[in-house]
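Novice: what's the 3D shape of this:
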Amino acid sequence: MRSPSHDLLPDPLHPAARLAMVVGFVVAGGLVGALIGMPLGFTLTELEATSLAFLGDHTPFPAGWREFVEINQIVIGVAAFGVAPLLMLRLTLARRLFGEWRRKRFGAAPVVGLVGAGALGIVGFPLYRALIEWTARLLPHVADAAWATTHLTARAAATVNRFDTFAHLLLSVLVLGGVASVGQELTLRGILQPTLSRWAGGRAGVGIWLVALMSGVINDANLLIAYSVFAAAAGYLYAWSGRLWVPIATTFILNATERAHMYVLQHAPRGGAPANVAARGWPGWLIVGSALATSLLLWWLRRYLLAHAVPLASLPPSLSGRYPAASDA
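Specialist: Reported below is the predicted structural model:
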């Protein structure tokens with residue numbers, strides 16, 4: 001598949017150099033975010049640093065732990081996946097090119113396309129949960145090893161993802177989910193995907209699936225297949241539309257649906273559920289229906305978004321693909 005997606009970033013650098021810069025800036029942004037977020041979290045929650053020093057497998061998490069983690073997630077997420085990538089592009093692209101890229105990629109997207117992309121996160125959710133459960137059965141040893149080596153992290157995640165009130169759920173969806181969705185799509189779809197596609201000679205599918213697999217690998221073992229599949233869907237949405245708001249809508253709504261699902265299970269009469277709860281009790285017809293509805297919606301979105309995409313003819317030469325691919329550089 002060849003599409004305009006490799007033209008979504010007017011990059012004068014070789015893809016290998018751009019990839020190295022992305023990693024460097026994201027890591028540096030994360031470190032700066034941690035340096036800001038940790039003291040800020042301790043100050044706002046009045047949590048003592050010594051209370052975390054001896055935190056073991058059976059030690060209760062201290063009061064203020066959840067708020068401390070949420071503050072750090074927000075600050076580190078903004079610094080590593082928001083400020084750092086934009087700063088990198090601003091420093092390495094000409095002012096005019098950076099301005100054009102920012103206006104085009106974060107410009108207004110068709111409302112119908114945004115609604116359809118958001119609906120994808122809802123109609124595809126049963127399929128998403130079924131893929132997680134299937135992965136856990138397919139790779140039990142990998143999942144067990146991941147659980148054993150990250151038990152404290154998983155226990156901490158279960159504590160953070162415990163929604164005591166509906167207001168806390170809304171705050172988690174709007175703030176944590178919003179920061180994660182925008183930062184993830186900016187870095188993965190906005191920068192890495194077109195860079196890898198350009199390195200592959202303009203083959204958009206290569207960049208889309210490489211970034212999707214990277215997204216799955218860096219997440220929990222049980223999310224490997226499910227996250228890769230839906231990350232690929234987000235990648236195609238970006239390739240078809242040229243607007244970052246479209247994949248952001250899918251990622252945000254899928255994330256919100258996941259958190260709402262956890263909230264319902266946690267407050268069901270049968271008791272709470274861990275953060276990584278499996279799809280339980282869902283009939284096969286619902287999962288098959290979700291897969292069919294997801295496929296049909298993607299088919300329709302492809303037709304609609306390509307018809308309403310940012311036309312390459314309206315872009316300046318450097319943004320319309322008239323620059324050499326990596327193999328020609």
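
Novice: what about the chain, any weak spots by pLDDT?
Specialist: Per-residue confidence for the chain (pLDDT under 70) gives these ranges: 1-7, 46-64, 140-160, 270-281, 310-329.

Novice: what's the distance between residue 28 and residue 80?
Specialist: The gap separating residue 28 from residue 80 is 8 Å, by CB to CB, to the nearest Å. C-beta coordinates here come from the backbone N, C-alpha and C atoms, glycine included.

Novice: ok, residue 65 next?
Specialist: Distance, residue 65 to residue 80, by CB to CB: 22 Å.

Novice: now do residue 307
Specialist: Plainly put, residue 307 is 35 Å away from residue 80 if you go by CB to CB.

Novice: of those two, give the one with the bigger neighbour count.
Specialist: When residue 307 and residue 80 are compared for neighbours, residue 80 comes out ahead with 22 against 10, by other CB atoms under 10 Å.

Novice: can you give me phi and psi for the more buried one?
Specialist: Residue 80 has phi and psi values of phi -80, psi -40 when expressed as degrees, to the nearest 10.

Novice: contacting residues for it?
Specialist: Going by CB atoms under 8 Å, 6 or more residues apart in numbering, residue 80 touches 26, 27, 29, 30, 33, 183.

Novice: dump these to JSON lines, plus secondary structure and neighbour count.
Specialist: As requested, the contacts of residue 80 are arranged in JSON lines below (DSSP: H, G, I helix; E, B strand; the rest coil; neighbours: other CB atoms under 10 Å):
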{"residue": "26", "secondary structure": "helix", "neighbour count": "19"}
{"residue": "27", "secondary structure": "helix", "neighbour count": "12"}
{"residue": "29", "secondary structure": "helix", "neighbour count": "25"}
{"residue": "30", "secondary structure": "helix", "neighbour count": "18"}
{"residue": "33", "secondary structure": "helix", "neighbour count": "24"}
{"residue": "183", "secondary structure": "helix", "neighbour count": "23"}
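
Novice: and which of these is nearest residue 285?
Specialist: The shortest separation between residue 285 and any of the contacts of residue 80 is 36.5 Å, and it belongs to residue 183 (by CB to CB).

Novice: distance of residue 177 from residue 170?
Specialist: With the distance defined as CB to CB, residue 177 ends up 10 Å from residue 170.

Novice: typo on my end, residue 302
Specialist: Counting by CB to CB, the gap between residue 302 and residue 170 amounts to 32 Å.

Novice: quick one, helices of the stretch 151-300 of the chain?
Specialist: Assignment of helices within the stretch 151-300 of the chain using DSSP state H, counting those that start in this stretch yields the ranges 151-160, 166-171, 178-184, 193-199, 204-217, 224-241, 245-266, 284-307.

Novice: right, and those - which one's nearest residue 125?
Specialist: In terms of CB to CB, the element of these nearest to residue 125 is helix 245-266, at 4.7 Å.

Novice: buried ones in that closest one?
Specialist: The neighbour-count criterion (16 or more other CB atoms under 10 Å) identifies 245-263, 266 as the buried residues of helix 245-266.

Novice: how about stretch 212-230?
Specialist: Judged by neighbour count (16+ other CB under 10 Å), stretch 212-230 contains these buried residues: 212, 215-216, 220-230.

Novice: how far does that stretch stretch from one end to the other?
Specialist: End-to-end span of stretch 212-230 (CA to CA, to the nearest Å): 8 Å.

Novice: report the distance from it to the chain centre.
Specialist: Distance of stretch 212-230 from its chain centroid, counting by CA atoms, centre = their mean, to the nearest Å, is 10 Å.

Novice: can you list the helices of the stretch 151-300 of the chain in a markdown table and add distance to residue 129?
Specialist: Formatted as a markdown table, the entries for these read as follows, by distance: least, CB to CB, whole Å:
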| stretch | distance to residue 129 |
| --- | --- |
| helix 151-160 | 17 |
| helix 166-171 | 18 |
| helix 178-184 | 19 |
| helix 193-199 | 25 |
| helix 204-217 | 15 |
| helix 224-241 | 8 |
| helix 245-266 | 7 |
| helix 284-307 | 8 |
